[in-house]
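**Q** sharing a model that was predicted from the sequence below.
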Amino acid sequence: MEEKTKKGIILASSSPRRQEMLRNLGLIFTIHPSGADETVDDGLKPAAIVELLSERKAADVASQYKEGLVIGSDTIVVLEGKVLGKPKDEQEAFSMLSSLQGKSHSVFSGLAIIDAGTGKRKTGYVETKVTMREVTSAEIRQYIATGEPMDKAGAYAIQGLGSIFIEGIVGDYFSVVGLPIRLMADYLGEFGVSILTK
């Protein structure tokens with residue numbers, strides 16, 4: 001694939017939620033979804049999974065540019081040590097939501113920023129605790145019928161209809177949506193990009 005010469009920030013994601021968060025910060029960026037392999041070895045700890053996948057996504061896109069800061073991110077839901085990814089079908093979505101209801105779980109969001117020109121990179125993650133209220137089977141089925149859970153880790157969207165099930169959150173709300181904003185701002189600062197300076 002030919003190299004692209006685009007300055008500035010490149011988001012290695014097709015996620016509308018991540019795009020909206022960057023726009024809300026006033027950032028100008030290019031969208032270039034990653035085609036990186038997202039399989040990981042069994043036994044990896046949640047923090048290692050999201051850091052590895054974030055860096056893999058960013059590196060895949062960075063390899064196609066001569067310059068620019070590439071942002072990669074990955075989010076997973078972890079309940080009692082078990083990683084809950086995106087549900088394969090409605091039955092799995094029902095199973096995930098049933099297991100989450102009435103309990104607290106962790107959301108891990110990884111972040112990687114790679115300078116395509118120099119190869120410099122920063123990688124990290126944020127863990128946030130989320131508590132879901134007790135939810136009836138009927139409510140879960142109604143929620144699944146909206147289609148919202150089907151492309152979300154843990155089968156819910158905290159910023160969407162799934163918000164009505166959330167009882168509490170300790171940590172970074174934005175990382176649950178899919179991008180640890182504070183960490184990203186810190187890292188961008190190390191690359192000479194200030195969110196507050198226009």
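**A** Ah, there it is. Numbers count the residues shown, from 1 in each chain.
**Q** secondary structure class for E67?
**A** Taken by DSSP: H, G, I helix; E, B strand; the rest coil, the conformation at E67 corresponds to coil.
**Q** ok, V176 next?
**A** helix.
**Q** can you count the residues close to the residue nearest to G189 when sequence neighbours are not counted?
**A** Take G189 and drop its neighbours on the chain: the residue closest to it by Cβ to Cβ, 6 or more residues apart in numbering is I195, 8.0 Å away. C-beta coordinates here come from the backbone N, C-alpha and C atoms, glycine included. Residues lying near I195 (other Cβ atoms under 10 Å) number 14.
**Q** contacts only, for I195.
**A** L25, G26, L27, A185, L188, G189 (Cβ atoms under 8 Å, 6 or more residues apart in numbering).
**Q** name the single longest helix found in the chain.
**A** Counting residues, the longest helix found in the chain (DSSP state H) is helix 46-62.
**Q** give the next helix or strand downstream of that helix.
**A** Sequence-wise, the next helix or strand downstream of helix 46-62 (DSSP states H and E) is strand 69-79.
**Q** what's the average pLDDT for that next one?
**A** Over the span of strand 69-79, the pLDDT mean works out to 96.
**Q** helices or strands up against it?
**A** The contact analysis (3 or more Cβ pairs under 8 Å, 6 or more residues apart in numbering; DSSP states H and E) places strand 69-79 against strand 9-11, helix 46-62, strand 82-84, helix 90-100, strand 104-115.
**Q** for the record, mean pLDDT for the first one?
**A** Okay, so that is strand 9-11. Regarding strand 9-11, the rounded mean pLDDT is 97.
**Q** parallel or antiparallel, list what pairs with it.
**A** Using DSSP bridges, strand 9-11 pairs in its sheet with strand 29-31 (parallel), strand 69-79 (parallel).
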